[in-house]
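Engineer: the following comprises the amino acid sequence and a computationally predicted model.
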Amino acid sequence: MTENEIFEKLQNIFRSVMKNSALQITFETTPNDLAEWDSLAHAQLITEIESAFNVKFSLIEMLDLDNVSSIVKLLKQKIQ
């Protein structure tokens, strides 16, 4: 799976979790960029991402996921 394919799938997950079908994220999007991306939404994102990509993140990995790019890179490593 390419980074762009991962990103597209993440876009849909973000839209679902944030309950905003028009939400547009970028590789640089951080929690500071989205008011909806609070600690609860972060936990929901992690759960949805793990389920959608059939992966598990360690606690350390979860804490390091501070922007979309870091999520994409970690997923790319885990699914290859």
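Structural biologist: Sure thing, it's come through. Remember, it's a predicted structure, so these values are computed and weren't measured experimentally.

Engineer: now Thr26, what are its backbone angles?
Structural biologist: The phi/psi pair for Thr26 (degrees, to the nearest 10) reads phi -130, psi 170.

Engineer: count residues in the vicinity of Glu28, would you?
Structural biologist: When neighbours are counted by other Cβ atoms under 10 Å, Glu28 registers 9. Glycine gets a C-beta too; all of them are placed from N, C-alpha and C.

Engineer: where's it relative to Gln77, distance?
Structural biologist: Shown here: Glu28 relative to Gln77, a distance of 19 Å by Cβ to Cβ, to the nearest Å.

Engineer: just the helices in the chain please.
Structural biologist: 3-17, 39-53, 59-64, 68-79 (DSSP state H).

Engineer: okay, those in a markdown table with distance to Leu23 and mean pLDDT next?
Structural biologist: Shown next, in a markdown table, are the helices of the chain (distance: least, Cβ to Cβ, whole Å; pLDDT from 0 to 100):
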| stretch | distance to Leu23 | mean pLDDT |
| --- | --- | --- |
| helix 3-17 | 5 | 97 |
| helix 39-53 | 12 | 95 |
| helix 59-64 | 21 | 90 |
| helix 68-79 | 12 | 96 |
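
Engineer: and of the ones you listed, who's closest to Asp33?
Structural biologist: Proximity to Asp33 (Cβ to Cβ) singles out helix 68-79 among the helices of the chain, at 9.4 Å.

Engineer: pull the CA atoms of that closest one into CSV?
Structural biologist: What follows is helix 68-79, C-alpha atoms only, in CSV (Å, rounded to 0.1, in the frame of the first residue of the first chain):
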residue,chain,number,x,y,z
VAL,A,68,-0.9,12.9,9.8
SER,A,69,2.5,12.3,8.3
SER,A,70,3.7,10.4,11.4
ILE,A,71,0.6,8.2,11.2
VAL,A,72,1.1,7.5,7.5
LYS,A,73,4.8,6.6,8.0
LEU,A,74,4.2,4.3,11.0
LEU,A,75,1.3,2.6,9.1
LYS,A,76,3.6,2.1,6.1
GLN,A,77,6.1,0.4,8.3
LYS,A,78,3.6,-1.8,10.0
ILE,A,79,1.7,-3.1,6.9
